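Participant: Structure for this input, please:
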Amino acid sequence: MNFYDKGEDTMKCNIGKYIEESGLKRSFIANKLGITGRHLVKYINGESYPPVPKLFLLAKLLNAKVDDLYEFEEEK
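Facilitator: Here you go, the predicted structure:
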C-alpha cells in the first residue's frame, strides 16, 4: 500500500495491485503508456503521479476505473 502524503489527507495508490491482478507485464504496460519501466515503477511506488491522459489509458489497460487506481483518504 502506497500513500502520497499531502498534509492531513493522503492518496492511496492501487496501481501495483491492479497490475498484479491483470496479469500484464510491466514492460508491456510501460510501452503502451509510452514511458520507461522505471517511470512506471515511480507511479507504483508513489514517487510521482501519471498525467491525466496516461492515467485514463492505464485504467483502460487494467480494466479499471481511474477512481480504482487512487483513493483519497482523509486523516481521522
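Participant: Surely residue 18 and residue 69 touch.
Facilitator: Yes: Residue 18 is within contact range of residue 69, at 6.4 Å (criterion: Cβ atoms under 8 Å). (C-beta placed from N, C-alpha, C; glycine too.)
Participant: what is in contact with these two at once?
Facilitator: Overlap of the contact sets of residue 18 and residue 69 (by Cβ atoms under 8 Å, 6 or more residues apart in numbering) consists of residue 62.
Participant: Which of these two has more residues huddled nearby?
Facilitator: The neighbour comparison of residue 18 against residue 69 (other Cβ atoms under 10 Å) goes to residue 69, with 23 against 20.
Participant: can you map out the helices along the chain?
Facilitator: Secondary structure of the chain by DSSP state H: the helices cover 15-22, 26-33, 37-45, 52-61, 66-69.
Participant: what distance separates the longest one from the centre of its chain?
Facilitator: For helix 52-61, the distance from its own C-alpha centre to the chain's C-alpha centre is 9 Å (Cα atoms, centre = their mean, to the nearest Å).
Participant: And that helix, what does it pack against?
Facilitator: Judged by 3 or more Cβ pairs under 8 Å, 6 or more residues apart in numbering; DSSP states H and E, helix 52-61 is in contact with helix 26-33, helix 66-69.
Participant: which residues sit against that helix?
Facilitator: When contacts are defined by Cβ under 8 Å, 6+ apart, helix 52-61 is touched by residues 15, 22, 24, 29, 32-35, 43, 49-50, 65-66, 68-69.
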